[in-house]
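Enquirer: generate coordinates for the sequence data below:
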Amino acid sequence: MTPVRRNALLLAGGLVFQSGMIQLAVALGTVTIVSVTGVKGILGLGPAVFLIAGALAVGPAGRLSDRVGRMPVIRAGFVLGIAGPWVTAAGCAARSGVLVFLGLGLCGAGQTIVLLSRAAAAEMFPPERRARGMSIVLFGVVSGAIWGPLVFGPMFSGRTLAPDDLVVPWLAAGAFTIVGLALSFGVRPDPKEWSTRYETAQSMRPPAPLPVILRRPGVATAMVAAVGSFGVMAGVMNLAGYVAVGHHHAQGSIFTVISLHILGMYGLVLVIGDVIDRIGLRTAMVSGLALMGVSNAGLAWLDSIAGMSLALFGLGLGWSLSYVAATTQLVDLAGPNERGRLVGATDLLSSFCGAALALAGGIVYTGGGGSVPLAATAAGLAVLAAAWVAGNGARTGAPLAGAEA
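Expert: Purely as a prediction, here's the structure:
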């Protein structure tokens with residue numbers, strides 16, 4: 001097995017176990033906040049803390065990875081992903097809202113840092129195969145579709161939503177991430193070191209300041225697609241669990257909805273990588289965002305578990321198309337010493353967008369507005385992003401790395 005393929009499989013393996021923690025945080029974050037504090041009006045605050053903490057962490061993490069390498073930073077993300085669920089569990093046991101919020105913040109920071117693995121994977125492959133390389137690693141997250149029904153679902157069988165009942169699932173979530181951390185130590189050499197063999201003299205120049213990078217043709221287009229797709233997806237996904245409970249569905253059914261959403265995001269990602277390489281980055285970004293818009297619109301009237309699962313599956317599939325294509329373009333347009341800061345800045349904006357949507361959606365939902373305004377707003381944002389990317393198609397930019405690689 002080649003070092004590139006071995007590294008890609010190890011990075012994917014890390015995400016296999018990280019996804020267990022993420023599924024629990026997404027499915028139960030809002031429920032945990034309401035259960036511990038007893039205040040329904042702060043429904044959207046849990047997801048907002050999760051996403052804002054991720055946004056604040058990923059920018060510095062990306063810049064640091066440009067200096068020290070990708071893996072030390074990704075391993076630190078796994079450590080945060082272990083600590084977060086355990087602090088949340090402590091908050092449930094002590095009935096402490098402060099500890100719960102702190103734990104969710106650590107979970108969010110760990111998630112965004114570990115997801116830098118996708119860019120690390122892409123840069124190990126030659127430019128014409130980067131979408132495929134990224135898809136190999138992201139395929140690991142599809143395992144999150146089975147953790148919920150097989151592990152977390154049975155934990156809630158016959159249980160209430162009292163804080164004491166949430167302690168064990170949160171402890172289990174932290175244990176998953178330990179395995180991901182252990183796998184990360186097998187990634188050698190560091191992806192940043194490996195990527196230099198595909199670069200030209202132009203791309204190996206000293207790193208440009210971020211404002212200069214942002215002005216390169218194609219960067220803004222990719223950032224709009226990435227921010228629009230991730231922000232809309234994260235904002236809706238993090239409220240889906242509580243919306244399902246609000247429609248009087250059983251607690252365990254939340255994991256069915258979230259599992260199918262994760263299946264949409266990552267289940268076809270190996271195919272998605274090849275599709276993106278064939279149809280082109282801009283077409284993939286526009287198509288994915290349009291599918292997200294349609295899927296979000298469907299949530300306005302699909303309130304059964306089957307209907308919500310279908311809509312969330314479509315939302316995940318659209319995200320997969322647009323987000324993988326956008327990240328691939330960002331990697332193409334930055335040198336090895338610039339990618340961390342560019343992807344980190346994009347993830348920062350993406351997380352803030354998702355946090356704002358989750359917070360506003362939570363306020364509207366608990367205020368009696370229901371799920372329709374949330375669905376309509378999310379659909380509108382996705383369609384606007386698709387229109388902007390389509391209208392700026394001429395500014396796609398050329399890869400910074402040499403085509404001869």
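Enquirer: output the below-cut-off pLDDT ranges for this protein.
Expert: By pLDDT under 70, the low-scoring segments of the chain are 1, 40-44, 142-161, 198-205, 238-253, 255, 365-371, 393-405.
Enquirer: any idea which helix is longest in it?
Expert: Determined from DSSP state H, the single longest helix within the chain is helix 3-37.
Enquirer: and the helices in the stretch 1-150 of the chain?
Expert: If DSSP state H, counting those that start in this stretch is used as the criterion, the helices of the stretch 1-150 of the chain fall at 3-37, 45-68, 70-94, 97-114, 117-122, 130-138, 144-147.
Enquirer: winner for burial among these?
Expert: Most buried of these, by mean neighbour count (mean count of other C-beta atoms under 10 Å): helix 117-122, with a mean of 28. In short, each C-beta sits where N, CA and C put it, glycine included.
Enquirer: tell me which element A234 is part of?
Expert: Here A234, judged by DSSP states H and E, is contained in helix 219-246.
Enquirer: what's downstream of that helix, the next helix or strand?
Expert: Counting by DSSP H and E, what follows helix 219-246 is helix 253-266.
Enquirer: packing partners for that following helix?
Expert: Counting contacts by 3 or more C-beta pairs under 8 Å, 6 or more residues apart in numbering; DSSP states H and E, helix 253-266 is packed against helix 3-37, helix 144-147, helix 219-246, helix 305-332.
Enquirer: which among those is found nearest to A355?
Expert: Closest to A355 of these is helix 219-246 (C-beta to C-beta; 7.6 Å).
Enquirer: a markdown table for the helices of the stretch 1-150 of the chain, including distance to V271?
Expert: As requested, the helices of the stretch 1-150 of the chain are arranged in a markdown table below (distance: least, C-beta to C-beta, whole Å):
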| stretch | distance to V271 |
| --- | --- |
| helix 3-37 | 15 |
| helix 45-68 | 28 |
| helix 70-94 | 26 |
| helix 97-114 | 24 |
| helix 117-122 | 16 |
| helix 130-138 | 8 |
| helix 144-147 | 16 |
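Enquirer: out of the ones you listed, which gets nearest to N392?
Expert: Of all the helices of the stretch 1-150 of the chain, helix 130-138 comes closest under C-beta to C-beta, at 20.1 Å.
Enquirer: angle of that closest one against helix 253-266?
Expert: Angle, helix 130-138 to helix 253-266, by axes from the mean of the first three to the mean of the last three C-alpha atoms, to 10 degrees: 150 degrees.
Enquirer: CA atoms of helix 130-138 as CSV?
Expert: Output in CSV follows, covering the C-alpha atoms of helix 130-138 (Å, rounded to 0.1, in the frame of the first residue of the first chain):
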residue,chain,number,x,y,z
ARG,A,130,-7.9,16.0,-5.3
ALA,A,131,-11.7,15.7,-5.2
ARG,A,132,-11.3,11.9,-5.3
GLY,A,133,-8.7,12.1,-2.5
MET,A,134,-10.9,14.2,-0.3
SER,A,135,-13.8,11.9,-0.9
ILE,A,136,-11.8,8.9,0.4
VAL,A,137,-11.3,10.6,3.7
LEU,A,138,-14.8,12.0,4.0
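Enquirer: what helices and strands are in contact with that helix?
Expert: helix 3-37, helix 117-122, helix 269-279, helix 305-332.
Enquirer: nearest to V224, of the ones you listed?
Expert: V224 sits nearest to helix 305-332 of all the helices and strands packed on helix 130-138, at 8.2 Å, using C-beta to C-beta.
Enquirer: who does that closest one touch, helix- and strand-wise?
Expert: On a contact count with 3+ C-beta pairs under 8 Å, 6+ apart, helix 305-332 meets helix 117-122, helix 130-138, helix 219-246, helix 253-266, helix 269-279, helix 281-298, helix 339-364.
Enquirer: if we go to 6 Å?
Expert: helix 130-138, helix 219-246, helix 253-266, helix 269-279, helix 281-298, helix 339-364 (3 or more C-beta pairs under 6 Å, 6 or more residues apart in numbering; DSSP states H and E).
Enquirer: now render the ones you listed as CSV, adding distance to I213.
Expert: Listed next are the helices and strands packed on helix 305-332 as CSV, based on distance: least, C-beta to C-beta, whole Å:
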stretch, distance to I213
helix 130-138, 18
helix 219-246, 6
helix 253-266, 27
helix 269-279, 22
helix 281-298, 17
helix 339-364, 6
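Enquirer: mind checking how far the longest helix of the chain is from the chain centre?
Expert: Mean-position distance between helix 3-37 and its chain equals 10 Å (C-alpha atoms, centre = their mean, to the nearest Å).
Enquirer: so what's the closest residue to L116 other than its chain neighbours up against?
Expert: Nearest non-adjacent residue to L116, counting by C-beta to C-beta, 6 or more residues apart in numbering: I74, 6.0 Å away. Taking C-beta atoms under 6 Å, 6 or more residues apart in numbering, we find I74 in contact with 114, 116-117, 184.
Enquirer: and which of the residues you listed is nearest G340?
Expert: Nearest to G340 among the contacts of I74 is L116, at 7.3 Å by C-beta to C-beta.
Enquirer: count of residues packed around the closest one?
Expert: Counted by other C-beta atoms under 10 Å, the residues lying close to L116 total 24.
Enquirer: dump stretch 315-325 to PDB, restricted to CA.
Expert: In PDB, the C-alpha atoms belonging to stretch 315-325 read as follows (Å, rounded to 0.1, in the frame of the first residue of the first chain):
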ATOM      1  CA  LEU A 315     -29.700  18.300   2.200                       C
ATOM      2  CA  GLY A 316     -26.700  16.100   2.900                       C
ATOM      3  CA  LEU A 317     -26.300  15.000  -0.700                       C
ATOM      4  CA  GLY A 318     -26.400  18.600  -1.900                       C
ATOM      5  CA  TRP A 319     -23.900  19.600   0.700                       C
ATOM      6  CA  SER A 320     -21.600  16.800  -0.400                       C
ATOM      7  CA  LEU A 321     -21.500  18.100  -4.000                       C
ATOM      8  CA  SER A 322     -21.100  21.800  -3.300                       C
ATOM      9  CA  TYR A 323     -18.800  21.600  -0.300                       C
ATOM     10  CA  VAL A 324     -16.300  19.100  -1.700                       C
ATOM     11  CA  ALA A 325     -16.100  21.000  -4.900                       C
END
